[in-house]
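Trainee: my questions concern the predicted model and sequence given below.
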Amino acid sequence: MPAENAGTPMQIFKIAKYVVYDILRNRFVLAYMLFLLVVSMSFFNLENDATKGMMSLLNIVLIVLPLVSIVFSTIHLYNSYEFMELMLAQPIRRSDIFLGEYMGMAASLSIAYGIGVGVPVFLYDGSIRGFTLVICGLLLTMTFVSLAFLATVLARDKARGIGIALLLWFLCTILYDGIVLMIMFAFSDYPLEKAVIGLAFLNPVDLARIAMLMQLDVAALMGYTGALFQHFFGSGAGTVFSLLAMLLWIVLPLWLAVRIFNKKDI
């Protein structure tokens, strides 16, 4: 067997362990974790009702978390090219190096999120609502790290790569909802029930938002659309489809990134 094909999961784990150790010493990651911890504790302490605190925290999870995950991951991966070039001189497969970087990055940001948000949530609301919020945040973290790695391999120039990453974040968190509203308004005379559900699967942020809104029992405030979401996403099948869609949002961008990186001249 050629040396470059002798990759093992142990090599991926060793690279990921080094990346985690390196990132967790980064002041930005520590500041990110502290920011999440302070904000989470503040929301729960300012509100007598844990549900209101969860609603306020949800906005942070849906906007700040994807932004930090995708921008920090993009910058870090660009800064890691010298390290990857050094690793490529060793008998290690390119895909092992890339996946090790991904696992280390995703694990580091997940640890920061778990401490910053997970600990306060379980202290103040250890119900299924809190569990859902933590899981949604972890899945969004891994998703936007995957998108960051894809943006990085698509553009060799650092500024362009960061621009692509910011565009992806803007599309998922802000622009996409406007596009969906325009479609619903333009085709309001047609039955759009199934189409609206299908459109939700095309955006990981929307999937996380809907999952949390179903747990917070605010679907009634969303009118007919809320009732439709409650009927589908509140069912066992809807939960399974949502989870599978989130996993695809993690796997597909990473798979594309690995394929491009294997053929890329760095």
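Mentor: Structure received.

Trainee: show me what counts as buried in the one helix or strand residue 257 maps to.
Mentor: The secondary structure element spanning residue 257 is helix 236-263 (assigned by DSSP states H and E). Judged by neighbour count using 16 or more other CB atoms under 10 Å, the buried positions of helix 236-263 are 238, 241-242, 245-246, 249-250, 253-254, 257-258, 261. In this view, the C-beta of every residue, glycine as well, is placed from N, C-alpha and C.

Trainee: so which elements touch it?
Mentor: Judged by 3 or more CB pairs under 8 Å, 6 or more residues apart in numbering; DSSP states H and E, the packing partners of helix 236-263 are helix 94-113, helix 128-154, helix 204-215, helix 223-233.

Trainee: what kind of secondary structure is residue 191 in?
Mentor: Assigned by DSSP: H, G, I helix; E, B strand; the rest coil, the conformation of residue 191 is coil.

Trainee: ok, how many other residues are close to it?
Mentor: Around residue 191 there are 8 other residues, counting by other CB atoms under 10 Å.

Trainee: re earlier: is it possible to get JSON lines of the helices and strands packed on helix 236-263 that adds mean pLDDT?
Mentor: Output for the helices and strands packed on helix 236-263, formatted as JSON lines (pLDDT from 0 to 100):
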{"stretch": "helix 94-113", "mean pLDDT": "93"}
{"stretch": "helix 128-154", "mean pLDDT": "92"}
{"stretch": "helix 204-215", "mean pLDDT": "83"}
{"stretch": "helix 223-233", "mean pLDDT": "55"}
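
Trainee: could these go into TSV alongside distance to residue 80?
Mentor: Rendered in TSV, the data for the helices and strands packed on helix 236-263 read as follows (distance: least, CB to CB, whole Å):
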stretch	distance to residue 80
helix 94-113	6
helix 128-154	9
helix 204-215	24
helix 223-233	38
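
Trainee: can you say which of the ones you listed is nearest to residue 9?
Mentor: Nearest to residue 9 among those is helix 94-113; the distance by CB to CB comes to 8.5 Å.

Trainee: lovely, talk soon.
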